[in-house]
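>>> quick one: sequence plus predicted model below, questions after.
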Amino acid sequence: MDISLLSGWLPWTFRILAVVAVVAALFRVSPFWVRHRLPWVVGGAAVGTGLAALLVLAFGGIQDPLPPGLWLWVCCALLGLGGLAAGVRRVRWWNLTAVPVAVGMSLLCAANSINISTGYYPNVDAAFGDLTNAPVPQQMTLEEALSTVGRATEGRVVVVDIPAEPSGFKHRRELVYLPPAWFRSKVRPKLPVVEMIGGQFAAPDNWIRAGGAAGSADAYAAAHNGYAPILVMADATGDFKTDTECVNGKHGNAEDHLVKDIPPYVAKTFGTATDPRSWAVVGWSMGGTCAVDLAVVHPDVFGHFVGISGDLGPNLGSKQATINDLYGGNAAAWDAHDPLTVLGRAKKDAYRGSSGYFLVGGEEGGKHLENAQALDRAARAAGLDTKVEVHLGKHDWQFGTAGFKLALPWLAQRTGLPGAN
């Protein structure tokens, strides 16, 4: 169902139901209740919300600010519970019935506040598909893809289990988008490849469900005789809660998986182009940081990158915290993965033919633009052909979606896709 969870009638229905249920749970025709108990309920809900916010701030491991709406709805959920906490004497049946509805709807609104802030689930279909592990649109098995030959009007998405060799990285199943042109002949065209990396709290299918990558590639292919790059929705974290920053560390060899496992498998399985100038890496948020870092550290694998709303380099907070928590105290490993450091030490012609594209949302705040501009200057000085663009958008998946659409023609041209010029 293509019903928006980010705006429109459904989120407002959630909010109205939550507010009505909270009022119903708290409503009493009693001056004593209003004067002596309701203030305690309201105060307790406010204190509880404040404590919850402090706990998340202290132990949640979340660097980006959470939306204010989250705490408003957490407070509403506690207010709903307050209808019971203040006693059940002289309470009507509908007061009690309203309590679980108030709590449930308020928590649903709280969750959707985060969703609206991140754009993780743009619509009901994306949420249902992810939560039920349903197949993504246009999905087929690897066996079906390899045996299918003929004219196609749209691309297909193949779920693959890429051997973790040599990385040993424990990853989830990944997805590969194959454009219509790939299916036309038994002799598969040697198409360029783009690895796609999502945000910190991510799953490989995010670029399909939240980022609309397959739809964007199909739209491009429809205007270019069925040709589009092959897209690999990579697993850079191994788990929804894990932040690897795409480097080898205590959470496994994520970097090796992206650089050493995926390219050989994809090239062999799908008959793709193998020249680094035909390979690119794209990412949003944490993935944007990863895209820049992977292309800077491994120009022999990725000739091009698109960094959408990324950081200055892999980080888990301060420099020392990153060295300790991400690299196990190894400062040399930090130097080896800090893009500014690596670019500053680059040998002449190390990045011959390499290019990059930085995209920043105009509503993200100055930090992301400053990061992109600093990286752009360093990249140009090291010999890369890069550019920075600012477009309307916030730090959410909607901007990631728009950024990929904007970058796709550039990617096609840079990677040598047939007909891109």
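Nice, I can see it. Numbering: from 1, shown residues only.

>>> which helix in the protein runs the most residues?
helix 93-118 (DSSP state H).

>>> buried sites along it?
95, 98-99, 101-103, 105-118 (16 or more other CB atoms under 10 Å). Glycine gets a C-beta too; all of them are placed from N, C-alpha and C.

>>> can you list the domains in this protein?
9-118, 136-414 (automatic domain parsing).

>>> for the shortest one, what is the average pLDDT?
What domain 9-118 shows for mean pLDDT is 85.

>>> also the longest one?
Average pLDDT, domain 136-414: 95.

>>> can you get me the start-to-end distance on it?
Counting by CA to CA, to the nearest Å, you get 28 Å between the two ends of domain 136-414.

>>> same for the longest helix of the chain, what does it pack against?
Packed against helix 93-118 by the contact rule (3 or more CB pairs under 8 Å, 6 or more residues apart in numbering; DSSP states H and E) you find helix 9-26, helix 68-85.

>>> can you name the next helix or strand after that helix?
Next in sequence after helix 93-118, counting helices and strands by DSSP states H and E, comes helix 124-131.

>>> contacts for stretch 124-138, please.
Contact partners of stretch 124-138, identified using CB atoms under 8 Å, 6 or more residues apart in numbering, comprise 1-3, 5, 10, 115, 121, 154-157, 175, 203, 205, 208-210, 214.

>>> at 6 Å what do you get?
1, 3, 121, 156-157, 205, 208-209, 214 (CB atoms under 6 Å, 6 or more residues apart in numbering).

>>> what distance separates the start and the end of that stretch?
Taking CA to CA, stretch 124-138 runs 18 Å from one end to the other.

>>> how distant is that stretch from the center of its chain?
With CA atoms, centre = their mean, to the nearest Å as the basis, stretch 124-138 stands 16 Å off its chain's centre.

>>> what does stretch 373-383 give?
Worked out by CA atoms, centre = their mean, stretch 373-383 lies 25 Å from the chain centre.

>>> make residue 1 into 212 and carry on from there
With the count now opening at 212, the last piece we talked about shows up as stretch 584-594.

>>> in that stretch, what's buried?
For stretch 584-594, a neighbour-count test (16+ other CB under 10 Å) marks 586-587, 589-590, 593-594 as buried.

>>> and it, C-alpha only, in PDB?
Extracted in PDB, the C-alpha atoms of stretch 584-594 (Å, rounded to 0.1, in the frame of the first residue of the first chain):
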ATOM      1  CA  GLN A 584      34.000  21.200   1.200                       C
ATOM      2  CA  ALA A 585      37.000  20.100   3.200                       C
ATOM      3  CA  LEU A 586      37.100  16.700   1.500                       C
ATOM      4  CA  ASP A 587      36.500  18.200  -1.900                       C
ATOM      5  CA  ARG A 588      39.600  20.500  -1.500                       C
ATOM      6  CA  ALA A 589      41.800  17.600  -0.300                       C
ATOM      7  CA  ALA A 590      40.600  15.300  -3.100                       C
ATOM      8  CA  ARG A 591      41.200  17.900  -5.800                       C
ATOM      9  CA  ALA A 592      44.700  18.600  -4.400                       C
ATOM     10  CA  ALA A 593      45.400  14.800  -4.600                       C
ATOM     11  CA  GLY A 594      44.300  14.600  -8.200                       C
END
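
>>> and the strands in the chain?
350-351, 367-371, 385-389, 404-408, 441-444, 459-460, 463-464, 490-495, 515-519, 566-572, 596-602 (DSSP state E).

>>> with just CA atoms, put the fourth one into CSV.
Spelled out, it's strand 404-408. Extracted C-alpha coordinates of strand 404-408, given in CSV (Å, rounded to 0.1, in the frame of the first residue of the first chain):
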residue,chain,number,x,y,z
VAL,A,404,28.8,-1.8,-10.9
VAL,A,405,27.9,0.5,-8.1
GLU,A,406,28.1,-0.7,-4.4
MET,A,407,25.4,0.9,-2.3
ILE,A,408,25.8,1.5,1.4
